[in-house]
Every structure is written in C-alpha cells, then in structure tokens.
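1. Give me coordinates for this.
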Amino acid sequence: MSINGLTLQSGIGALPFVPLNQEMMAFKAAPVVDVKLWPVSAGAKSEIFGNNKNIRFKGHLFVTSQRLLFLNSDESNAVHNLVILHRQLTLAKEEVSPIALVMPWFGTNSLVFEFKILPEQSLNNGPWLDNAYTWRCELTLEKRSRDVSDLFQLHDSIKSALASNAVGARAEEEEEEPLPEYVP
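-> Okay, here's the model as predicted:
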C-alpha cells in the first residue's frame, strides 16, 4: 500500500517514481534506511504506548526538493512506500531544523523528525496513518550509497533540500503577488 500517494513508474526512467513539476533530486543513488513510524501525543510530544499503529520497514530513501520518499524493498510488507512532503514536517519552538540528528552514547545514530498528515492525504492512507496524530519518524542508515556515505551526510542533504524548497517557495510567492506601486 502506498501511504500519502506515490505514482510509480517502471521501465526506462532512472527514477522508480514520477517526479513532480520542478522537483530536483538531492543525490542520485538512494541509500537503504530503516524506517520506524509511531504516533505521538500533540501536547507532550511523547510516544503513545500500547498501540498497534507502529510501522517499521527497510527501504530506499529518495530526498528531493519537495518531498522525502521511502520505497520499501520488501514486497511482503503491507506498506510499499511512504511520501512526506516538506510542508508536512513540524518544527518545535526550540528547534532550528525539523530534522534532528540523534547520537546516543550507546546504539546507532539516527535522524528523527515529526510530521502531520494533510487532510487531503487521509483518504489514501487506509488504516495506516491517522491524521489525528502527529507522527514521529526515526531513520537509521542500513546501507550506504555512492552519494551518501554516512548519516551526517544524509542529514546535511535533507537540510539543504529543505532550505532550497523554502527559498523556492518564497521566490514563487514574490513572483505571483508583486507589491503595489506607491503613488503620492
């Protein structure tokens, strides 16, 4: 099942999905990541325990100028892919970037971010992601690619893609609505 809608393409194209208008890739070779998703309570930002809504799979991560795409490499898993638009990412008051690098004393380093499901996406999600919750996603790098050698490089790639999207969005707003001229 595709969560948040993704149109796949097969055949000649280099990408396994159909890109959006003016969508640019952050890197050409996608690394394999372990994806964990779970709902968090909106007020306390703590994990909701005792639920069966947790999702976990391994797949290729594609970072573009407009979205994060996760393509599951295991066909037996019910979730085949996941799409998170940059505008879905949430930013807490004390954070500078929506993507946080978590480096515990023991264990693997990971990237963590939170996102909300848009109302127009809730119809395509089936039983998986409920738009009543904020969702937390944790990524760990399972297999490097030639473009992404470690988690730090992946973190920088995602941050630069978010920055390029923010700059592009501001430029489009300025082009669409110019300020009126002042006439004394």
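2. what about the nearest residue in space to Arg144 that is not next to it in sequence, how many neighbours?
-> Closest residue to Arg144 apart from its sequence neighbours, by CB to CB, 6 or more residues apart in numbering: Pro31 at 5.8 Å. Glycine gets a C-beta too; all of them are placed from N, C-alpha and C. By the other CB atoms under 10 Å criterion, the neighbourhood of Pro31 contains 24 residues.
3. Assess the claim that Pro31 and Thr140 are in contact.
-> No - applying CB atoms under 8 Å as the test, Pro31 and Thr140 come out as separate, 10.6 Å apart.
4. OK, contacts around Asn72?
-> Phe57, Lys58, Gly59, Val79, His80, Asn81 (CB atoms under 8 Å, 6 or more residues apart in numbering).
5. Also His86?
-> Counting by CB under 8 Å, 6+ apart, His86 has contacts Gln66, Arg67, Leu68, Ala161, Leu162, Asn165.
6. swap the cut-off to 10 Å and go again
-> 63-68, 98, 115, 158, 161-162, 164-166, 169 (CB atoms under 10 Å, 6 or more residues apart in numbering).
7. Equivalent analysis for Leu69, please.
-> 4, 6, 15-17, 19, 30, 59-63, 81-84.
8. give me that answer again for 7 Å
-> If you count contacts by CB atoms under 7 Å, 6 or more residues apart in numbering, Leu69 has them with Leu6, Phe17, Phe62, Asn81, Val83.
9. and it, how far is that from Cys137?
-> 13 Å (CB to CB, to the nearest Å).
10. if we can go back for a sec, okay, and which of the contacts of Leu69 map to strands?
-> Using DSSP state E, the subset of the contacts of Leu69 located in strands is Phe62, Asn81, Val83.
11. The residue lying closest to Ala14 once chain neighbours are set aside: how many residues sit nearby?
-> Leaving aside its chain neighbours, Ala14 sits nearest to Lys28 (7.8 Å; criterion: CB to CB, 6+ apart). By other CB under 10 Å, 11 other residues sit near Lys28.
12. Tell me the one of the contacts of Asn72 nearest Trp128?
-> Val79 (6.5 Å; CB to CB).
13. I'd assumed Lys53 was in contact with the closest one.
-> No - using CB atoms under 7 Å, Val79 is not in contact with Lys53; the gap is 11.9 Å.
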